[in-house]
Structure formats: C-alpha cells, structure tokens
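Participant: I need the structure of the sequence given here:
(one chain, ligands or ions: 1)
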Amino acid sequence: MPAGLNEYMGKLLFWVVVILGFVGYVAYRLRARPARKRVEGKPVHTLDSVRCAQCGVFLPVEQSVKRDGQSFCCWEHAQKWHDQHPS
Ligand SMILES: [Zn+2]
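Facilitator: Numbering: from 1, shown residues only. Reported below is the predicted structural model:
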C-alpha cells in the first residue's frame with residue numbers, strides 16, 4: 001500500500017467528517033427553527049376567528065363588527081343582514 005494513498009484517505013476522511021458535521025449542524029438548525037416558530041405562532045391560532053353572517057368570510061374577532069348577536073366583516077354587511085332579517 002503506497003504511503004500517498006494513506007495520506008489521501010486521511011484527507012478524504014477529514015473532509016467527510018467536516019461535511020457531515022456541517023450537514024448535521026444545518027439539519028439541526030432547520031429542525032430547531034420551525035419548532036420555535038410553532039410556539040411563537042400558537043397565540044395566532046388560539047385567536048378567535050368569526051364568520052361574517054352576510055358573506056361568510058372568516059376574520060379575527062377584533063376586526064369583526066357585532067350587531068344583534070351576529071358577527072360581520074363590515075358595517076355594510078351588518079346593515080345588509082339586518083335588512084334581510086327584520087326582527
Ligand atoms: Zn361580510
């Protein structure tokens with residue numbers, strides 16, 4: 001076995017370890033990031049969303065318009081629904 005081949009194999013093994021380490025680090029970072037994002041995004045999911053009784057669009061509850069116990073996306077739809085459902 002020539003000595004040069006041994007040296008070459010040593011260098012190759014060194015780079016394989018470096019690349020595997022880098023790939024492992026990147027894979028770890030990529031796996032760690034969405035997990036943290038999911039935790040941060042959780043309050044957004046727990047926010048109540050309501051459905052406009054007139055057009056059926058979903059929107060966050062704080063952006064909705066409340067009228068006669070119904071939720072609407074805008075005052076125009078609240079008025080429209082009220083005109084169609086006289087009580
Ligand atoms: Zn609407």
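Participant: residues contacting Phe58?
Facilitator: Residues near Phe58 by CB atoms under 8 Å, 6 or more residues apart in numbering: Ser49, Val50, Arg51, Cys52. To be clear about C-beta, it is placed using only N, CA and C from the backbone, and glycine gets the same treatment.
Participant: do the same with Phe72
Facilitator: Cys52, Ala53, Gln54, Ser64, Val65, Lys66, Ala78, Trp81.
Participant: out of those, who's nearest the ion?
Facilitator: Distance from the ion was checked for each of those by CB to the ion. The minimum falls on Cys52, at 3.3 Å.
Participant: how near is that closest one to Pro86?
Facilitator: 19 Å (CB to CB, to the nearest Å).
Participant: so between these two, which is more surrounded?
Facilitator: More crowded of Cys52 and Pro86, by other CB atoms under 10 Å: Cys52, with 19 against 5.
Participant: can you check the pLDDT for that one?
Facilitator: pLDDT, Cys52: 97.
Participant: surely it touches Leu59?
Facilitator: Yes - counting by CB atoms under 8 Å, Leu59 is a contact partner of Cys52 at 6.9 Å.
Participant: which residues do these two both contact?
Facilitator: Counting by CB under 8 Å, 6+ apart, the contacts common to Cys52 and Leu59 are Cys73.
Participant: state the distance from Cys55 to the ion.
Facilitator: According to CB to the ion, to the nearest Å, Cys55 and the ion sit 3 Å apart.
Participant: err, Lys11, not the other one
Facilitator: Distance of Lys11 to the ion, computed by CB to the ion: 68 Å.
Participant: state whether that residue is indeed within a helix.
Facilitator: Yes - the assignment for Lys11 is a helix, going by DSSP: H, G, I helix; E, B strand; the rest coil.
Participant: neighbours of it, just the number please.
Facilitator: 10.
Participant: appreciated, that's everything.
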